[in-house]
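> Need coordinates for the below:
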Amino acid sequence: MLRQWSVGSGQASREPEAGVEELWEQEMARLESSQALVRELPYAMVDKRFIRQLREPEGAKTSCWQRWQRRRRAVGRRLGEAERRLAQGFGLWNGAAPLAGLFGTGIQSYFTFLRFLLLLNLLTLLLTASFVLLPLVWLRPRDPGPALNFTLQCSDGLQSQTGVPRFHNQLWNVLTGRAFNNTYLFYGAYRAGPESGSAYSIRLAYLLSPLACLLLCFCGTLRRMVKGLPQRLFLGQDYRSPVSIKVFSSWDFCIRGQEAATIKKHEISNEFKVELEEGRRFLQVQQQTRTQRICHLLTYLRVNVLIGLLVVGAISVIFWATKYSQDNKEDSLFVLLQYLPPGVIALVNFLGPLLFVFLIQLENYPPSTEINLALLWCVVLKLASLGIFSFSLGQTVLCIGRNKTSCAAYGYNACDYECWENAVGEELYKLSIFNFLLTVAFAFCVSLPRRLLVERFTGSFWTWLDREEFLVPKNVLDIVAGQTVTWMGLFYCPLLPLLNSVFIFLTFYIKKYTLMRNSKASPRRFRASSSTFFFQLVLILGLLLAVMPLGYVVSSIHSSWDCGLFSNYSAPWQVVPELVALRLPPSGQRILHYIGSHAFSFPLLVLLSLVLTICVSQSQANARAIRGLRKQLVWQVQEKWHLVEDLSRLLPEGSGVPVGPESPHSRASRPRSFCPGFPCPGSPGPRAPRPGPCLEDSVSRFRFSSGAEL
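As a prediction, the model looks like this:
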């Protein structure tokens with residue numbers, strides 16, 4: 001330490017060297033005049049206190065206020081560190097870290113995907129709360145006034161119904177969403193006065209918040225998908241590092257604990273399994289003949305056509321189930337019909353992936369191809385089921401493709417639905433609730449009893465049954481479906497992301513428990529990078545599926561006459577031109593009109609084309625540069641091998657007597673390659689021994705003398 005060194009040096013030597021004393025004085029002067037923070041200096045705490053005393057003016061005393069400020073900063077730093085440790089302890093990403101070593105990076109990618117979706121939902125909730133809920137509570141807008149007086153002309157002479165009957169069971173009302181009809185969970189509870197009476201437009205914020213959330217989710221997902229593209233490019237055979245590098249350099253010698261060592265062993269083992277499996281598949285593809293490739297293509301088409309027919313049949317069942325549920329609202333079995341569409345969707349999406357995986361596994365595809373193909377058809381089934389469910393709701397509620405008196409007069413089925421936005425929001429709410437309840441029920445009522453029975457009994461049947469296999473496509477399918485439902489309900493249920501965040505948080509730990517206790521990992525290993533890109537692509541497809549009906553409703557469908565923020569507008573988007581005319585000056589209005597005209601669209605299209613051309617050209621130039629650097633690396637290695645050959649030819653021709661035989665230690669320590677892997681790129685194969693003097697005897701003249709010889 002600084003002070004001990006200075007005192008000790010003075011006691012040990014009464015006449016210190018001039019150079020040492022000068023260096024000490026220079027260091028003390030530098031530390032005293034330095035403006036760097038004391039806590040950032042690389043010294044111990046005792047030395048930092050000594051440096052702080054040096055920096056204080058002579059004779060000056062630290063005031064109580066300064067000491068209190070210093071103590072407060074220290075306590076704040078400790079509290080911040082404790083908060084970060086606590087947040088890391090509860091963070092979902094810590095729970096996913098050991099899974100890579102135990103089950104491979106492919107399964108870990110599913111849990112990191114859950115974390116990403118949780119962050120998207122929290123971001124959406126933050127935007128909705130900041131721009132809609134908080135201003136609505138803080139400003140307390142005036143009452144919108146009396147509702148419009150109009151008389152419904154219904155063919156059966158009945159007035160508008162609520163859409164569904166009320167029940168006295170509070171739990172059932174919670175499950176169906178009827179208990180929250182008058183809360184901010186649904187669209188109908190949001191009210192606001194005229195736009196001219198408030199400086200902040202709640203209507204505009206409510207309209208633009210879902211669009212902004214969808215845009216941010218799209219940008220985040222696209223960024224994550226593009227970020228994984230370089231990893232996919234480096235998975236080719238030309239870019240893979242030799243297996244010998246992984247054999248000799250995979251172990252982390254800083255590991256001390258037994259648990260960490262076990263996880264690292266599993267991780268290395270899984271990496272070798274993936275490498276060997278991909279190498280075997282690559283050789284198998286290279287050895288295929290043209291006839292085998294044609295047969296493989298025909299088999300591929302046969303499987304996909306069969307799966308396509310199954311998907312068409314499944315969405316037909318969903319369409320008729322949804323239509324029957326909406327057309328029989330007054331039936332005595334309505335309590336069961338409430339959950340008929342979610343039940344049919346869940347049944348179809350439970351049986352569909354199992355059939356898809358079974359059919360695809362029969363064709364012996366590579367693991368990554370099998371995962372991606374099964375996931376593709378599962379997502380087609382899920383998105384098609386959600387799309388046909390939305391179309392069926394639109395046909396019933398908004399009379400899409402149907403002719404009814406109330407639809408022609410009011411733009412929607414006003415005779416059966418007083419607030420159609422709430423009715424659609426309730427259906428999406430029930431879908432979210434039902435999906436989560438199915439996840440919980442399947443984990444604790446199917447997987448857990450199956451594991452207990454398999455462990456309890458023995459026999460051929462129980463051996464065949466075994467534990468449930470953790471299928472990544474099925475689990476990703478469920479999560480993407482839940483997120484798509486959440487995005488579809490942003491306009492009708494603004495707080496649905498809060499509900500989905502809770503579901504994702506609980507799903508993480510439920511799935512982790514199921515994987516660790518009740519399930520077994522798939523025997524076929526695959527890389528995370530081979531499926532992470534596909535996960536993001538599927539998520540973008542779900543996002544586009546949610547955007548299309550939302551854009552159609554916002555721009556073209558008449559809002560409900562008796563509820564919500566847009567009851568006096570022919571469509572929600574009509575509030576935008578009204579606010580532009582009220583709030584913006586004429587110059588701003590002209591700018592907006594110019595941006596929306598063709599005179600602005602054409603130059604923007606040309607500019608985007610130029611930017612895209614530049615990006616493509618830069619990408620091609622980078623690819624050419626990479627190929628050139630790889631060739632240069634191969635040439636350099638070949639040149640080194642030629643130098644080695646020249647050296648091996650010249651050494652026997654030299655003069656001199658060998659000093660003695662070469663020791664085994666020196667022979668083993670002599671490098672045999674110029675690059676950290678065997679074989680090197682461009683290195684020649686093994687050479688046959690040439691007649692003549694042995695190379696080892698010639699090289700032994702360069703042996704270093706031992707200590708005994710010296």
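> Run through the strands of the stretch 401-550 of the chain in chain order.
468-469, 519-520 (DSSP state E, counting those that start in this stretch).
> Quick check: which of these is nearest to Val446?
strand 468-469 (7.7 Å; Cβ to Cβ). For every residue, glycine as well, the C-beta is placed using N, CA and C.
> For Thr486, which non-adjacent residue is closest in space?
Asn500 (4.4 Å; Cβ to Cβ, 6 or more residues apart in numbering).
> pLDDT score for the one you found?
For Asn500, the pLDDT comes out at 93.
> Give the full set of residues in contact with it.
Asn121, Ser432, Gly482, Gln483, Thr486 (Cβ atoms under 8 Å, 6 or more residues apart in numbering).
> how near is Gln618 to Leu604?
As judged by Cβ to Cβ, to the nearest Å, Gln618 and Leu604 stand 21 Å apart.
> Let me fix that, I meant to ask about Arg178.
Taken as Cβ to Cβ, the span from Arg178 to Leu604 is 47 Å.
> Would you mind measuring from Lys512 to Ala443?
Lys512 is 10 Å from Ala443, by Cβ to Cβ.
> what number of residues lie near Trp420?
29 (other Cβ atoms under 10 Å).
> Oops, could you answer that again for Cys445 instead?
10.
> Next: Ile626.
With other Cβ under 10 Å as criterion, Ile626 counts 12.
> That one: helix or strand, and which one exactly?
helix 598-650 (DSSP states H and E).
> one step back: need the contacts of Asn500 in CSV with distance to Arg70 and neighbour count, can you?
Output for those, formatted as CSV (distance: Cβ to Cβ, whole Å; neighbours: other Cβ atoms under 10 Å):
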residue, distance to Arg70, neighbour count
Asn121, 41, 26
Ser432, 51, 22
Gly482, 50, 23
Gln483, 48, 22
Thr486, 48, 28
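> For Thr291, state which of the residues you listed is nearest.
Gln483 (44.3 Å).
> Name the nearest residue to the closest one, sequence neighbours excluded.
That would be Leu117: by Cβ to Cβ, 6+ apart, it lies 5.6 Å from Gln483.
> Looks like that neighbour contacts Thr486 (just checking).
No: taking contacts as Cβ atoms under 8 Å, Leu117 lies outside contact range of Thr486: 9.1 Å.
> doesn't Leu117 make contact with Gly220?
No: counting by Cβ under 8 Å, Gly220 stays clear of Leu117, with 10.3 Å between them.
> Compare those two (neighbour count), which wins?
Leu117 (24 against 16).
> Report the contact partners of the more buried one.
Taking Cβ under 8 Å, 6+ apart, we find Leu117 in contact with Ile479, Gln483, Ile504, Leu539.
> Now do the helix or strand where it lies, average pLDDT.
Element membership of Leu117 [criterion: DSSP H and E] is helix 105-128. Here helix 105-128 scores 87 as its mean pLDDT.
> List the buried residues in that helix.
For helix 105-128, a neighbour-count test (16 or more other Cβ atoms under 10 Å) marks 105-118, 120-121, 124-125, 127-128 as buried.
> what's the following helix or strand after it?
Next along from helix 105-128, by DSSP H and E: helix 134-139.
> got a list of contacts for stretch 288-302?
Glu363.
> Kindly apply the preceding question to stretch 545-560 instead.
188, 207, 210, 214, 383, 386-387, 390, 394, 398, 410-412, 417-421, 484, 487-488, 490-491, 566-567, 569-573.
> before we move on, what about stretch 361-380?
Taking Cβ under 8 Å, 6+ apart as the rule, stretch 361-380 contacts 106, 277-278, 281, 299-300, 303-304, 307, 311, 349, 352-353, 356-357, 360, 472-474, 476-477, 480, 524-527, 530-531, 534-535, 538, 541-542.
> Just the buried residues from these, in ChimeraX please.
Burial among these is assessed by 16+ other Cβ under 10 Å; the matching ChimeraX selection reads:
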select :106,277,278,281,303,307,311,349,352,353,356,357,360,472,473,474,476,477,480,524,525,526,527,530,531,534,535,538,541,542
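> quick one: which of the contacts of stretch 361-380 sit in helices?
Members of these lying in helices (criterion: DSSP state H): 106, 277-278, 281, 299-300, 303-304, 307, 311, 349, 352-353, 356-357, 360, 472-474, 476-477, 480, 530-531, 534-535, 538, 541-542.
> Buried only: go through the contacts of stretch 545-560 for me.
Using 16+ other Cβ under 10 Å, the buried ones in these are 188, 207, 210, 214, 383, 386-387, 390, 394, 398, 410-412, 417-421, 484, 487-488, 490-491, 566-567, 572.
> Inside helices: which ones of those residues?
Using DSSP H, these in helices are 207, 210, 214, 383, 386-387, 390, 394, 410, 420-421, 484, 487-488.
> And those residues, which is the shakiest by pLDDT?
Tyr410 (66).
> low-scoring pLDDT stretches of the stretch 351-500 of the chain, where are they?
Along the stretch 351-500 of the chain, the model assigns pLDDT under 70 to residues 364, 366-368, 401-411.
> let's see 90
351-427, 430-431, 434-435, 438, 446, 450-451, 454-481 (pLDDT under 90).
> Same check on the stretch 551-700 of the chain?
In the stretch 551-700 of the chain (pLDDT under 90), the answer is 551-605, 615-616, 618-620, 622-624, 626-700.
> let's see 80
Flagging of the stretch 551-700 of the chain using pLDDT under 80 yields the residue ranges 562, 568, 596, 651-700.
> Next: the stretch 101-250 of the chain.
101-107, 139-173, 192-199, 226-250.
> coming back round to it: let me have the contacts of Asn500 in JSON lines, adding distance to Ser587 as columns.
Formatted as JSON lines, these follow (distance: Cβ to Cβ, whole Å):
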{"residue": "Asn121", "distance to Ser587": "40"}
{"residue": "Ser432", "distance to Ser587": "46"}
{"residue": "Gly482", "distance to Ser587": "46"}
{"residue": "Gln483", "distance to Ser587": "42"}
{"residue": "Thr486", "distance to Ser587": "40"}
